[in-house]
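[1] Structure of the sequence below:
(3 chains, ligands or ions: 6)
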Amino acid sequence: MTTQRVVVVGGGLAGLAATMKLCELGIPVDLISLTPVKRSHSVCAQGGINSCNDQTRQLGDSEWKHFDDTVYGGDFLQHQPPVKEMSFWAPKVIDLMDRLGVTFNRTPEGFLDRRRFGGTLYKRTAFAGATTGQQLLYALDEQVRRWESEGMVRKFEFWDFLGPIVDDSGNCKGAIAQDMVSMQIRAFPADATIVASGGCGLIYGRSTMSVFCNGSAASRCMQVGAKYGNAEFIQVHPTAIPGADKLRLMSESARGEGGRVWVPRKAHDSRPAKSIPEADRYYFLEERYPKYGNLVPRDIATREIFNICVNEGLSVEQGRMCVYLDLTHIERSELDRKLGGILEIYEKFQGVDPREVPMKIFPAVHYSMGGLWAGYAKNAEGGLTPANPANQMTNVPGLYAIGECDYQYHGANRLGANSLLSCIFSGLFVGPCIETYMKGHKAAASDLPASFYQGAVAKHEARHSKLLSGNGGENPYMIHQELGDVLTRSATVVRNNQQLDEAYQKIDDLHQRSKRCSLSDTGSWTNQNVIFTKALQDMFPIAKSIVKGARLRDECRGAHFKPDFAMPSLKEEEPVARRREAEQWCDRFEANNAKFLKSSIATLQGDDPEISYEDVDTGSIAPRPRLYGLVGAEDIEEVWRNRVAAKQNKSKAS
Amino acid sequence: MSAPSPTFFMRHEFLIRRLHSLSGLIPVGAYMTVHLLVNSSLMNGPASFQTNVNQIHSLGSALPLVEWTFIFLPILFHAAVGVWIIRTGKSNHDNYRYVSNWRYTLQRATGVIAVFFIFFHVFHLHGWFHGEWWLSRVAEPLGMAQFRPYNAASTLAEALSGYVWPVFYLVGVAASVFHLANGIWTMGITWGVWISPAAQLRASYVCAAGGALLLMVGISALVAAMRIDPVEARAIEDGIYDARVTAREIEPNEHKRWVGPTVENEVSDAEVNKEEQQAE
Amino acid sequence: MQPSDPTTASDSARHPQKINVRVLRQDGPGQPSYWERHQVEYEENMNVISVLQKIATQATTVEGEKISPVAWDCGCLEEVCGSCTMVINGRVRQSCSALVDRLLEENGNEIELRPMTKFPVIRDLMIDRSRMFNALKRVKAWVPVDSYFDMGPGPRQTRVEQEESYPLSECMSCGCCLEACPQYLKIELHRRPGETDEQFEERKQAAYGQGFVGAAAISQAILFNMNPTGKNIKDERLDALTEPGGIQACGNAQNCVAVCPKEIPLTRSIGRAGRQTTIHALKKIFDK
Ligand SMILES: Cc1cc2nc3c(=O)[nH]c(=O)nc-3n(C[C@H](O)[C@H](O)[C@H](O)COP(=O)(O)OP(=O)(O)OC[C@H]3O[C@@H](n4cnc5c(N)ncnc54)[C@H](O)[C@@H]3O)c2cc1C
Ligand code: HEM
Ligand code: HEM
Ligand code: SF4
Ligand code: F3S
Ligand code: FES
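    Residues are numbered from 1 along each chain as shown, chains lettered A, B, ... in the order given. Ligands and ions are numbered 1, 2, ... in the order given. Predicted coordinates:
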């Protein structure tokens, strides 16, 4: 009998981790990627990767606290078992990467150096200069190359994944992909298929992501019935460098290493930044969040910066919105050692030395918390059962999702340096699960009749030739620009229902137009035009899920912020009244959770997504108000503490 | 030894490249350095130059063997492999105008110059072979094989008369010296002697200084050779020759002596000179 | 930005309204290449990528002729993925970090784009760099761990060691160092009639396996020879570096280090490789 194979779509951290683990288990892999896997978007990751470690432990940290920070940061919207498992694996993941030769920064004595990242009070983040993602990706890329040279991996780079192949009984039996050079379309029979296709930032036109991150792969899974979770949760990173073609990230590590965010107290103060005295500077994050300071979670930092510029009109520049991110008070040599990489990016693209002059930054679309729905198998301790086929499997049997393109780990908001972790973890963890799954399905997919696969191929060849012959006169690049503008305006930092309704209409309109494109290249050799147009058309199911999900979620949670439904801050000064107000606040908070502490699940019906809701497993850590020690919110926290205590006594009594 | 066939070269590329590298320094580089130093002894007049040459030639009949095994063959090897190496590269200094890239191109250019220079130079003075037939039928009719060890300075001076040859020598020496100096620098990297950029920079200064010095040595010999008056020189040389013959230090050997176009009066001149010397 | 004659304005003080771009195009492997002239609107701190994006959107030449968009490769747009290497104004570099203002200062009011010359052209500015990844296989550029199970942390390394190896680990396989290397020559094979993908691929890999590995791979070999676990197969790497196309093919032109966008100390790695292979070769002679 022929041996069973696995197709892995995507060679970022997640895809490569899964590939090498499968190879170790003796399962051969076909690896499909838009780009040579070494160039995957994961190389862009800068700041680092989190784990509880020997140093933080002695300051009272633990895997559990990492777990807690992650769900608190995600506003409790993620199922807790996978998150718990991840947090407890974190130290092992970093040990493994260390063994694989990742050049993590070291302390003088030779231990891994750590830095502090947002949403935590501990220095959990291991880092390799300011190019951690690059080093991690390369380490995995090297291992996969090693397996490739032993014949366990076949790479298909510059191949576009067109969709999973699903048989009559609804099982995934492989994937269809197209060679972007020769334009040949072929089937990849497989007994299990992993989608690790990363984020979808390109839908927003300009973001901090690579051009590969167009969400097409996830969308193509949706189109065969896969569910898509929490689409509306898009992380907007507080600090990016505005640019014509891309919004380049200025990593959180800049703040982790002591960078301070401020604006002149006087609007558009014309003095050069360095000559503005302390007294005239407004360090708004530090003043409003003394406990976390510049390292509040991203959604909060983003909203504060947005608010300072839009509502308070304190943007540094008149024409363009931006605030200062200041590193100039830090030793040059230290900056070079720890942040060299990202400071060079700023210098290269802005022509200004951030060691001398404060950087000008503004928020930018950065990460998609939402993604393909994936299941899990809970164990007695509230973690995951290893090697259980259900883990990371989508609702399409045999189709798995891992990495940024799954929805599992980050809820309503992702903490910095947690994503590299979730990607590597889910990649490593899924291997044995798939092994078990395949044991359960003895017959090798490659034994299925050729006709079955030919049929699947034919469908896509038809779509391809239809596109080439299209003559509706629409220009795909223009449509993409418009789509980006609509989404950026309506579905980023601040959202309101009227705008979202209009946006949905506009997007649907663009969707229809995208079907009437005329291509400027109708050739059959390395036709990037047609590849792009396909990706564009497939952006709409996700774009629509984002907008619709946002429209239906009448609350504020993590990255999703609707002023109309914001929880008010306490106004009463007089203690008793203030106390009462706090009580009401907490009542409303609980009521809101009862209604909205649910993942949105999008399933595609024709051109449009249907949204349903799924309860969240909060079995280990009960939801609580997410205030990060906001000045003036102490009373709320106290009221809440009392309620929790009361509940506990009750449950003890009974 | 002809250029090794590519496939063979490919199979032993590493070894051959290292031998080539080595041969550049020992013996070829070493020989050239000594050679230029010896030549520069012309500065102290014909006599001291003659004594130096005599020392070399005291090897007598073993000399050709020594020349071929330690000088000619190594040069031919280095040259042949060098030419092959040149063909494995494609200079691009017009797009990448870095000093090191110019040096790379010059190393190859000077190598080629050296091939021609050495070939003609040896032919011009030494004649390559000392067989009777070769010298009388080929070399000498072509105005080659001009050097006469027992009339070292004078024959050399005459060989270098005019402008063509001196210029030819100047170019040849300059090229060879640069090639050696830069060659030693690249050698240091090839063999892993200087590794850090800083060390490589320091090394390049040392090589440059050494090169400059050697160039001066080479030029000094040329200048001296052109300043010498052949007739006076020859008198001295002949004196030394006779002395050594009478002292039984060497067998008489007309091949290694200068034979003028009109033998008679030249000889008588010599006779006269001798008598005069004896008279005093 | 005041209006000015596009053909004369060059310095970044007086911006041209339009930028002239010459692109060397080629429809496919083995096909003739040809120049094509384009003109795009100038914008503040534009890079070559955004120029190409505009060209793709316009899809018409200066002469107003409708054309298929230029094919090119890019990814991160922040000089870390290595995708977008091309020869710009005669010099190889990353097109995402090539800012138009600088290029105009360099070369009047025209930007010249051509594909890399050391790799087979797939189409237009897209080239096939699989030879680079083949080279990484040749020098076994990986740490030979025995499993991916939890075995505790890796061997401890000092900060000094980390600071030595980190710069080398930044190599993004962009190929600039190879494009600029006079000893690195193009290897391009064409498919024989009736040859299957597999056969063709095999023939290519075989040919690549003979060519010069190049500075990038040499530097990676050195990186992994430094790693405490990577050391274990040091000899295999040095064998690879002394095989045909190994370290000996380097002629010390040192362009590699001058053009590397990541400023990787390649000549140091080459010097190291020189020393390690020397010792390795002597050992092979005298140890047995
Ligand atoms: C600028 C930046 C900085 C970041 N910094 C950090 C950080 O410091 N810490 C942290 O934890 N996280 C960080 N992140 C987030 C993190 O980098 C990503 O979430 C993570 O790298 C995603 O990895 P992945 O393996 O899921 O997908 P990716 O690395 O994006 O890989 C996706 C793969 O899928 C392939 N692919 C996609 N579509 C298709 C298709 N249709 N057909 C075939 N193949 C396809 C691609 O070719 C690619 O190989 C950062 C993100 C950005 C944008
Ligand atoms: C100042 C310039 C030079 C002068 C005056 C000079 C002079 C001479 C003389 C007189 C001879 C003849 C020796 C003999 O026949 O016994 C000779 C031979 C030779 N020279 Fe030069 N030389 C010069 C530069 C060079 C250079 C730069 C090289 C390059 C390496 C070179 C290589 C040789 C070789 C290979 C021989 C033949 C070997 C031999 O005769 O022993 N010479 N040279
Ligand atoms: C006769 C014709 C010659 C040719 C064609 C030639 C060619 C070359 C070439 C191409 C190199 C570069 C090798 C490399 O970088 O890998 C080289 C190196 C060298 N050559 Fe020559 N050369 C010649 C003569 C000489 C002479 C006369 C000398 C000595 C004076 C010499 C000394 C050297 C040295 C020391 C090196 C350095 C080797 C290294 O880089 O490792 N060469 N030669
Ligand atoms: S060494 Fe530098 S130039 Fe060469 S491939 Fe790596 S990054 Fe690019
Ligand atoms: S440019 Fe080439 S020749 Fe050697 S020093 Fe660099 S590899
Ligand atoms: S696009 Fe990644 S290096 Fe230029």
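[2] From here on, just use CA atoms for contacts and neighbour counts.
    Will do.
[3] Could you pull out the helices in the stretch 51-200 of chain C for me?
    C:100-106, C:130-138, C:159-168, C:176-179, C:197-210 (DSSP state H, counting those that start in this stretch).
[4] Touching the shortest one from outside, list them.
    Residues outside helix C:176-179 that contact it (C-alpha atoms under 8 Å, 6 or more residues apart in numbering or on different chains) are C:85, C:92-93, C:116-118, C:184, C:214-216, C:255-257, C:259-261.
[5] Out of those residues, which sit inside strands?
    C:85, C:92-93 (DSSP state E).
[6] Quickly name whichever of the residues you listed is closest to A:N475.
    Comparing those against A:N475 with C-alpha to C-alpha places C:T85 closest, at 27.3 Å.
[7] Got the phi and psi for the residue nearest to A:D521 when sequence neighbours are not counted?
    Leaving aside its sequence neighbours, A:D521 sits nearest to C:S68 (C-alpha to C-alpha, 6 or more residues apart in numbering or on different chains; 4.5 Å). When read as degrees, to the nearest 10, the backbone of C:S68 gives phi -80, psi 140.
[8] C:S68 and ligand 4, how far apart?
    30 Å (C-alpha to the nearest ligand atom, to the nearest Å).
[9] and if you look at C:Q157?
    For C:Q157, the distance to ligand 4 - C-alpha to the nearest ligand atom - is 23 Å.
[10] Return the residues in contact with that residue.
    A:106, A:110-111.
[11] make it 7 Å
    Residues in contact with C:Q157 (C-alpha atoms under 7 Å, 6 or more residues apart in numbering or on different chains) are A:G110.
[12] quick revisit: which of the ones in strands among the contacts of helix C:176-179 count as buried?
    C:85, C:92-93 (16 or more other C-alpha atoms under 10 Å in any protein chain shown).
[13] which one of these is nearest chain A?
    Comparing these against chain A with C-alpha to the nearest C-alpha places C:T85 closest, at 12.5 Å.
[14] residue contacts, C:S173?
    Applying C-alpha under 7 Å, 6+ apart, the residues contacting C:S173 are C:G82.
[15] Low-confidence bits of chain B, can you list those?
    In the predicted model of chain B, residues B:1-7, B:260-280 satisfy pLDDT under 70.
[16] which residues of it fall in helices?
    With DSSP state H, the ranges of helices along chain B come out as B:6-11, B:13-23, B:30-40, B:46-57, B:63-67, B:73-87, B:99-121, B:132-133, B:152-159, B:164-190, B:197-227, B:230-246, B:263-279.
[17] any bit of the helix or strand hosting C:R22 sitting next to chain A?
    In this structure, C:R22 sits in strand C:18-26 according to DSSP states H and E. No - using C-alpha under 7 Å from any C-alpha of the partner chain, strand C:18-26 never reaches chain A; the gap is at least 11.4 Å.
[18] One more: stretch C:197-213?
    No - using C-alpha under 7 Å from any C-alpha, stretch C:197-213 stays clear of chain A, with a minimum separation of 11.1 Å.
[19] which residues does the residue of the stretch 101-250 of chain C found nearest ligand 6 contact?
    Relative to ligand 6, the nearest point of the stretch 101-250 of chain C is C:C174 (7.3 Å; C-alpha to the nearest ligand atom). Shown in contact with C:C174 (C-alpha under 7 Å, 6+ apart): C:82-83, C:85.
[20] switch to 6 Å and redo it
    C:G82 (C-alpha atoms under 6 Å, 6 or more residues apart in numbering or on different chains).
[21] Which pLDDT value goes with it?
    On the pLDDT scale, C:C174 is placed at 98.
[22] And A:A190, by the same measure?
    What the model reports for A:A190 is a pLDDT of 96.
[23] Residues of the stretch 151-288 of chain C that sit close to ligand 5?
    Within the stretch 151-288 of chain C, the positions near ligand 5 by C-alpha under 6 Å from any ligand atom are C:181-183, C:214-215, C:250-256, C:267.
[24] gap between B:G162 and B:M226?
    9 Å (C-alpha to C-alpha, to the nearest Å).
[25] if you count what's nearby, which of those two comes out ahead?
    B:M226 (20 against 10; other C-alpha atoms under 10 Å in any protein chain shown).
[26] neighbours of the residue lying closest to the more buried one once chain neighbours are set aside, just the number please.
    What sits nearest to B:M226 in space, not counting adjacent residues and going by C-alpha to C-alpha, 6+ apart, is B:A157, at 5.8 Å. Counted by other C-alpha under 10 Å, the residues lying close to B:A157 total 24.
[27] Verify the stated contact: B:A157 with B:V223.
    No - B:A157 lies out of contact with B:V223 (C-alpha atoms under 6 Å); the separation is 9.8 Å.
[28] For the two, list the residues in contact with both.
    By C-alpha under 6 Å, 6+ apart, no residue touches both B:A157 and B:V223.
[29] sorry, back to before: from A:F561, how far off is the residue nearest to B:M226?
    Distance from B:A157 to A:F561, by C-alpha to C-alpha: 97 Å.
[30] A:S51 too?
    For A:S51, the distance to A:F561 - C-alpha to C-alpha - is 29 Å.
[31] So between these two, which is more surrounded?
    A:S51 (28 against 24).
[32] Quick check, pLDDT for the more buried one.
    pLDDT at A:S51 comes out at 97.
[33] Where is the longest helix in chain A?
    From DSSP H, the single longest helix across chain A is helix A:528-552.
[34] If you count contacts, what does that one end up packed against?
    Secondary-structure packing of helix A:528-552 (3 or more C-alpha pairs under 6 Å, 6 or more residues apart in numbering or on different chains; DSSP states H and E): helix A:216-222, helix A:497-514.
[35] buried ones in the last one?
    Neighbour-count burial for helix A:497-514, counted by 16+ other C-alpha under 10 Å, picks out A:497, A:500-501, A:503-504, A:507-508, A:510-511, A:513-514.
[36] Which other helices and strands does it contact?
    helix A:528-552.
[37] Show me what the mean pLDDT comes to for the helix it packs on.
    97.
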